[in-house]
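A.B. asks: A predicted structure for the sequence below; I have some questions about it.
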Amino acid sequence: MRLLIVEDNAELSRLVAGGLAAAGYESDIVGSAAEAREAVSSVSYAAMILDLGLPDDDGLSVLRELRRQMEPLPVLVLTARGGLQDRVTGLRSGADDYLAKPFAMEELVARLEAILRRPGQLLGRSLSLANLVYDTESRQIFIDDQPRIISARESSVLEILLRRQGRVVPKKNVEDHIFGLEGEVASNAVEVYVSRLRKQLAEHGARVVIHTIRGVGYLMTAEK
């Protein structure tokens with residue numbers, strides 16, 4: 001899953017991103033409210049970790065905007081404002097959780113996972129379809145209970161298709177899940193990774209099918 005870290009302290013944001021990577025999450029980092037708004041409008045994230053003391057605007061303004069727009073993106077506020085009234089204001093403004101600095105990385109990950117386990121959110125350690133099982137923490141796949149290896153990019157494609165199995169996943173969502181804010185992406189990059197994933201799954205005997213819905217996206221189902 002890809003997360004958005006909104007934090008103007010570059011060293012702290014790198015530490016948070018590193019801790020999240022160790023827990024199995026990919027992250028994009030932005031350092032201002034303007035960049036956060038742009039990122040959310042262009043990429044589909046699983047959750048946002050939001051600092052309130054941003055250089056160009058208060059993080060609460062970003063949060064309130066999201067909620068006014070009926071944006072369901074889970075938001076965990078991570079800030080130096082740790083007083084009772086600060087926490088109450090943050091939660092009432094639409095935060096899903098609130099963690100004051102300084103903090104333990106283990107607690108941040110645990111709180112994030114608790115948010116993502118809530119109904120309608122994306123967390124689930126084991127994803128399965130037919131004879132295929134994908135462990136989201138180890139990023140390992142099992143086919144007929146035998147461990148198999150696929151590359152990181154293909155693993156990202158597999159995860160988003162499994163999480164939405166039986167439903168069409170727009171190509172843009174797949175692209176966001178793989179690349180986030182990495183910059184210029186080749187127009188056929190998603191097609192290349194989907195093709196590679198199909199080939200690897202077929203070679204390993206997975207009884208699943210990835211359908212291309214022309215002009216829309218991709219759909220994963222079990223073989224009939």
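C.D. replies: Structure's in. What do you need?

A.B. asks: tell me which residues are up against the helix of greatest length in the chain.
C.D. replies: If you go by DSSP state H, the chain has its longest helix at helix 189-203. By C-beta atoms under 8 Å, 6 or more residues apart in numbering, the surrounding residues in contact with helix 189-203 are 132, 143, 148, 150-151, 153-154, 156-158, 171, 174-175, 178-179, 186, 208, 210, 212, 218. The C-beta positions use only the backbone N, C-alpha and C, and glycine is treated the same way.

A.B. asks: and the contacts of stretch 132-145?
C.D. replies: 1, 23-24, 123-128, 131, 147-150, 152, 155, 158-159, 162, 201, 204-208.

A.B. asks: now intersect these with the strands, please.
C.D. replies: Assignment to strands by DSSP state E places the following of those there: Ser126, Leu127, Ser128, Pro147, Arg148, Val208.

A.B. asks: distance of Ser155 from Thr136?
C.D. replies: From Ser155 across to Thr136, the span is 9 Å (C-beta to C-beta, to the nearest Å).

A.B. asks: got the contact list for the closest residue to Leu99 other than its chain neighbours?
C.D. replies: Nearest residue to Leu99, sequence neighbours excluded (C-beta to C-beta, 6 or more residues apart in numbering): Leu78, at 5.3 Å. Residues in contact with Leu78 (C-beta under 8 Å, 6+ apart) are Glu7, Val16, Ile49, Leu50, Asp51, Leu99, Lys101, Phe103, Leu108.

A.B. asks: and for Met105?
C.D. replies: Leu15, Val16, Gly19.

A.B. asks: if we can go back for a sec, pLDDT added to the ones in strands among the contacts of stretch 132-145, as a markdown table?
C.D. replies: Output for these, formatted as a markdown table (pLDDT from 0 to 100):
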| residue | pLDDT |
| --- | --- |
| Ser126 | 74 |
| Leu127 | 81 |
| Ser128 | 87 |
| Pro147 | 91 |
| Arg148 | 91 |
| Val208 | 96 |
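
A.B. asks: these, buried ones only, as a ChimeraX selection?
C.D. replies: Buried members of those, defined by 16 or more other C-beta atoms under 10 Å, are picked up in ChimeraX with:
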select :127,148,208
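
A.B. asks: and the furthest pair within the ones in strands among the contacts of stretch 132-145?
C.D. replies: Across the ones in strands among the contacts of stretch 132-145, no pair lies farther apart than Pro147 and Val208, at 16.8 Å, counting by C-beta to C-beta.

A.B. asks: now for Lys199, how many residues are close by?
C.D. replies: Number of residues near Lys199 (other C-beta atoms under 10 Å) recorded here: 11.

A.B. asks: go on, Ile115?
C.D. replies: 18.

A.B. asks: could you pull out the helices for the protein?
C.D. replies: 10-22, 33-42, 59-68, 84-92, 105-116, 152-163, 171-179, 189-203.

A.B. asks: how about CSV for those, with mean pLDDT added?
C.D. replies: What follows is the helices of the chain, written out as CSV (pLDDT from 0 to 100):
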stretch, mean pLDDT
helix 10-22, 94
helix 33-42, 91
helix 59-68, 93
helix 84-92, 93
helix 105-116, 91
helix 152-163, 88
helix 171-179, 85
helix 189-203, 94
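
A.B. asks: ends of stretch 75-90, how far apart?
C.D. replies: 10 Å (C-alpha to C-alpha, to the nearest Å).
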